[in-house]
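# Take a look and give me a structure for this.
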Amino acid sequence: MVDLLRVGVITSAHGIRGEVNVFPTSDDPERFEKLDSVIVQKGAQQTVRRIENVKYFKKMVILKLEGIDDRNAAELMKSSDLMVDREHAQKLEEGEYFIADLIGLKVVTDEGQELGTLKDVMETGANDVYIVKTAGGKEVLLPVIPDCVLRVDLEEGLVEVHLMPGLLDL
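Numbering: from 1, shown residues only. Alright, predicted model coming up:
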């Protein structure tokens, strides 16, 4: 399992006092109010920064991070990932998973056929969609609904699915 989980991406500087605009990658943007600090990751470099202030504007989160005190410093943070370690991550309900834990799982059908590897999760308004890459390089989109996704087993490293009629014909 991944030790660090991404909760947002810095998209730009905000104002002249060192604030940054953050696109939240968590389904609960208000989680930033509960965090004392985040790990700012730019390339291979990681720095822990205390969160001094949190504001919201439309779908963005505006953060003031400790040590980032002017626009120039904030602009250098652009494209940085904001990470938290697993112990500071939100607690999940049964049947909920971190996307980072799902990526790379083997996807098999309820008939025992290996379909491929889970490459990404597309978050839509209605339900998530698993993007599975087959051995032949084709992408298959699977809706994350009870009729299709039967079981997720992180210990075994697999997702068991039922292929509804016509799903592979697209």
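# With only the CA atoms kept, save stretch 18-27 in PDB.
This file holds the C-alpha atoms of stretch 18-27, laid out as PDB (Å, rounded to 0.1, in the frame of the first residue of the first chain):
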ATOM      1  CA  GLY A  18       2.000  33.700  -0.400                       C
ATOM      2  CA  GLU A  19      -1.300  31.900  -0.600                       C
ATOM      3  CA  VAL A  20      -1.800  29.100  -3.200                       C
ATOM      4  CA  ASN A  21      -4.800  27.800  -5.100                       C
ATOM      5  CA  VAL A  22      -5.200  24.100  -4.600                       C
ATOM      6  CA  PHE A  23      -7.300  21.700  -6.800                       C
ATOM      7  CA  PRO A  24      -8.500  19.200  -4.200                       C
ATOM      8  CA  THR A  25      -8.100  15.500  -5.200                       C
ATOM      9  CA  SER A  26     -10.000  14.400  -2.200                       C
ATOM     10  CA  ASP A  27     -13.800  14.000  -2.300                       C
END
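# Could I get the average pLDDT for it?
On average, the pLDDT along stretch 18-27 is 92.
# Now the closest residue to S12 other than its chain neighbours: which helix or strand?
Among residues not flanking S12 along the chain, N21 sits closest, at 4.8 Å (Cβ to Cβ, 6 or more residues apart in numbering). Any C-beta I mention is one placed from the backbone N, CA and C, and that applies to glycine too. According to DSSP states H and E, N21 maps onto strand 19-24.
# hang on, the earlier thing: make sure the residue nearest to S12 is actually in contact with V9.
No: using Cβ atoms under 8 Å, N21 is not in contact with V9; the gap is 9.6 Å.
# who's more crowded, these two?
N21 (19 against 16; other Cβ atoms under 10 Å).
# and the more buried one, how far is that from G8?
The gap separating N21 from G8 is 10 Å, by Cβ to Cβ, to the nearest Å.
# Need the overlap of contacts for the two.
V61 (Cβ atoms under 8 Å, 6 or more residues apart in numbering).
# how about the helices of the chain, start to end?
Applying DSSP state H to the chain gives helices spanning 71-75, 99-102.
# OK, contacts around Y56?
Applying Cβ under 8 Å, 6+ apart, the residues contacting Y56 are P29, E30, I62.
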